[in-house]
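# Any chance you could fold what I've pasted below:
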Amino acid sequence: MSDSWLSRQDFEALVAKAVKGLPKAFRRRLENVAIEVQEEPSAEALDAVGLEPDESDELLGLYWGRSIQGDSFFDAGGHLPDRVYIYRGPILRVCETEADVVREVQETVVHEIGHHFGLSDDDMPF
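Here you go, the predicted model:
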């Protein structure tokens, strides 16, 4: 599916809804985390996770910062706030339906925010 069928504004609304759907106790601990939609992963982001440019569809989101437990996930190097990047292009390209996009956005948001709380990829269900 093309990555232009869902507008950026509608995609950002899905991300906001996914964040709003988090339990209040978790949302309160996100004060110092900026959640940003980007069209594509940057070269720096791909390099940080060991992907080549032609593998960019494998990176749907990225947490860049330190967990609340102090663990570094691609340390922000003193740049506050920590950031969660959600990549619109890769998500739209790997999903076949709007329902798939909604599910993938929710899972990606939860996964990346999980890193803020100190969870590793292996600790998370998706």
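# on contacts alone, who are the packing partners of the top helix by length along the chain?
Criterion DSSP state H: the longest helix present in the chain is helix 98-116. With contacts defined as 3 or more Cβ pairs under 8 Å, 6 or more residues apart in numbering; DSSP states H and E, the packing partners of helix 98-116 are helix 8-20, strand 33-38, strand 61-66, strand 82-87, helix 88-94. Where C-beta positions appear, they are placed from N, C-alpha and C, glycine not excepted.
# For residue 26, find the nearest of those.
Ranking the helices and strands packed on helix 98-116 by proximity to residue 26 (Cβ to Cβ) places helix 8-20 first, at 9.4 Å.
# just the angle between the closest one and strand 61-66, please?
Helix 8-20 runs at 60 degrees relative to strand 61-66, counting by axes from the mean of the first three to the mean of the last three Cα atoms, to 10 degrees.
# Could you check how sure the model is about helix 8-20, as an average pLDDT?
When pLDDT is averaged along helix 8-20, the result is 96.
# Tell me the buried residues in it?
Buried residues in helix 8-20, defined by neighbour count with 16 or more other Cβ atoms under 10 Å: 11, 12, 14, 15, 18, 19.
# Give me the contact list for it.
Outside helix 8-20, the residues within contact range by Cβ atoms under 8 Å, 6 or more residues apart in numbering are 27, 30, 35, 37, 39, 86, 88, 91-92, 101-102, 105-106, 109-110, 113.
# related to what we said a few turns ago, closest to residue 118 among the buried residues of helix 8-20?
Scanning those for proximity to residue 118, where the rule is Cβ to Cβ, the winner is residue 19, at 18.5 Å.
# ok now stretch 40-51, how far from the chain's centre?
The chain centroid and the centroid of stretch 40-51 are separated by 13 Å, computed with Cα atoms, centre = their mean, to the nearest Å.
# which one of the contacts of helix 8-20 has the most neighbours?
When neighbours are counted as other Cβ atoms under 10 Å, the busiest of these turns out to be residue 105, with 28 neighbours.
# Tell me how far the nearest residue to residue 27 once chain neighbours are set aside lies from residue 13.
The spatially closest residue to residue 27, leaving aside those adjacent along the chain, is residue 19, at 6.9 Å (Cβ to Cβ, 6 or more residues apart in numbering). Going from residue 19 to residue 13 by Cβ to Cβ, to the nearest Å gives 11 Å.
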